[in-house]
Structures are given as C-alpha cells and as structure tokens.
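> quick one, structure for this:
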Amino acid sequence: MRVRDAETKDIPRLIALLQQVLELHAKIRPDIFISGTTKYGIPELEEILRDKNRPVYVAVDDRDTVMGYAMCALEEVTGQVNMVPHKALYLDDLCVDDSLRGQGTGRLLFDHVKQEAKRLGCAVITLNVWEGNESAHAFYQNAGMRIRKTMMELPVP
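Reported below is the predicted structural model:
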C-alpha cells in the first residue's frame, strides 16, 4: 500500500467513497445531510484536482486501486491584527473504504498529510469532526490531534 496524489482516473472511486462518508453523516445528522447525495460531483472533483492549493492524496493497493483518500486545502492566516500569521493545512475529508477500515490505511493517509503539511511549511493541520462520529473522534485523538475550538448550535423551533 502506498499514497500518491489523486488523478482524474480516480474520480469514480472518490465519488464512491464520498457516498460512504455522506451516508455516515446522514445517519448522524439527517437534519443536515441528504442521503443519496455526495459532497462533490465530477465537475467539482475535476476542479479540485487541478487546484494546487487543494491537494488530494489517495492510498492505493498494489493494483493501484484507491482504498481511501485525504482531501486537503491550504489556508493562510494573514492580515489579522489579533492573530499570528501562519499557514495551515485543512483536512477537508479523510475516508477509507468501509470494508477496509482497521487495516492501517487511515493512519497511512494521515501520516502522509502530516508529512505534506511539514513540506508545505504549515504550522498546523486542522479539521472538523461531526459530533456523533465517535470513530473519527477516536482516530484523530489517537493520531495526536487535540480539540482547538468547539462549534455549538441551538436549533430554533
């Protein structure tokens, strides 16, 4: 198993994995996520794969079959008088095929993201995890991440 940059040939597999992520989120928050949809479609993925500021990495097996992905976005915090300027790598999405979880693919992808963040001169890796996604919370905490801030909500009847 190895990690490489995603290519346009990977889009069908990325969409299949995006569907898995969406269904997980739709089970946790059906008030927000619509089952049967995906976060990105083919045109959006084609655009993302062309954008050097939105790197996408895929874990592949020895036949080059995509087993999981990590979608990222470079962010620069500058020009704010109350914040230290810095570069961050935002981990927009990390998914391992649900039939392959627990075999080290997610850790391999996350370790690659850490290496890339360092190579790109980032001071921090950030991400969001939906409340109720306990396996993701545990995965990222085991990988050394800690809570930076908490977003709260109050549904208005």
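> which residue is nearest the middle of this protein?
Nearest to the mean C-alpha position of the chain, counting by Cα atoms, centre = their mean, stands Asp93 at 1.7 Å.
> dig out what that residue forms beta bridges with.
Asp93 has the following beta-bridge partners by DSSP bridges: Met71.
> kindly state the pLDDT recorded for it?
pLDDT recorded at Asp93 is 95.
> that one: what's it in contact with?
Taking Cβ atoms under 8 Å, 6 or more residues apart in numbering as the criterion, Asp93 is in contact with Leu18, Val21, Lys39, Tyr69, Ala70, Met71. (Glycine included, C-beta is placed from N, CA and C.)
> quick check, nearest of these to Thr8?
For the contacts of Asp93, the closest approach to Thr8 (Cβ to Cβ) belongs to Tyr69, at 13.6 Å.
> Arg4 versus the closest residue to the closest one other than its chain neighbours, what's the distance?
Leaving aside its sequence neighbours, Tyr69 sits nearest to Val58 (Cβ to Cβ, 6 or more residues apart in numbering; 4.9 Å). Distance, Val58 to Arg4, using Cβ to Cβ, to the nearest Å: 6 Å.
> got it, and Ala73?
Distance of Ala73 to Arg4, computed by Cβ to Cβ: 19 Å.
> ok, those two, which is more surrounded?
Neighbour totals were compared for Ala73 and Arg4, and Ala73 leads with 16 against 13 (other Cβ atoms under 10 Å).
> longest helix anywhere in this protein?
Longest helix in the chain, counting residues (DSSP state H): helix 11-28.
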